[in-house]
Every structure is written in structure tokens, then in C-alpha cells.
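Asker: dropping a prediction and its sequence here:
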Amino acid sequence: MGLTVSRKVGNAVIRNRVKRWLREAIRHQTEAIPSGRDVVVIAHPRAASAGLEALKHELSRGWNTMKTAS
């Protein structure tokens, strides 16, 4: 699992907040992540205003997309 939050997302405080949100969302969804795959999560600049619940929802959609693509 890789996690990337670029400067386009915001200043250091905002980037760190987004990273914490993403780590928390991933922690709650470890069972949903397809096994045997390398995953890199890249935060979009809108992630700064999305919030934890929205990020959880988007990650869940991503895991489901990965499962159906196999």
C-alpha cells in the first residue's frame, strides 16, 4: 500500500490531515482491499475539503472496482 498526497492538495497542515484521513479510512477497510495487488492511493486536490467519510466512500468504490476488474 502506497499513499501519495502532493503539494497540489494544500499546505503541509492540510496534506498531513488528508494523509491521516486516508490512513484511517484504509485501516477500517483492510478486509475489502483485494489481496495479491500493489495499491497506490493518490489524493486529488479536492480531498482536502472532502472529509473522512467521503474518502472512506471513495476508497470503498475503488476497492469494488478493483475486485470487478480482475
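Answerer: Received the coordinates, thanks.

Asker: what about the spatially most central residue of the chain, helix or strand, and which?
Answerer: Centroid check for the chain by C-alpha atoms, centre = their mean gives residue 22 as the closest residue, at 4.5 Å. Taking DSSP states H and E as the definition, one finds residue 22 inside helix 12-28.

Asker: hey, where'd the strands end up in the protein?
Answerer: 2-4, 40-42 (DSSP state E).

Asker: tell me which of those strands is the most buried.
Answerer: Among the strands of the chain, strand 40-42 has the highest mean neighbour count (mean count of other C-beta atoms under 10 Å), at a mean of 13. (C-beta placed from N, C-alpha, C; glycine too.)

Asker: which secondary structure elements does it contact?
Answerer: For strand 40-42, the packing partners by 3 or more C-beta pairs under 8 Å, 6 or more residues apart in numbering; DSSP states H and E come out as strand 2-4.

Asker: just checking, what packs against the strand it packs on?
Answerer: Using 3+ C-beta pairs under 8 Å, 6+ apart: strand 2-4 touches helix 12-28, strand 40-42.
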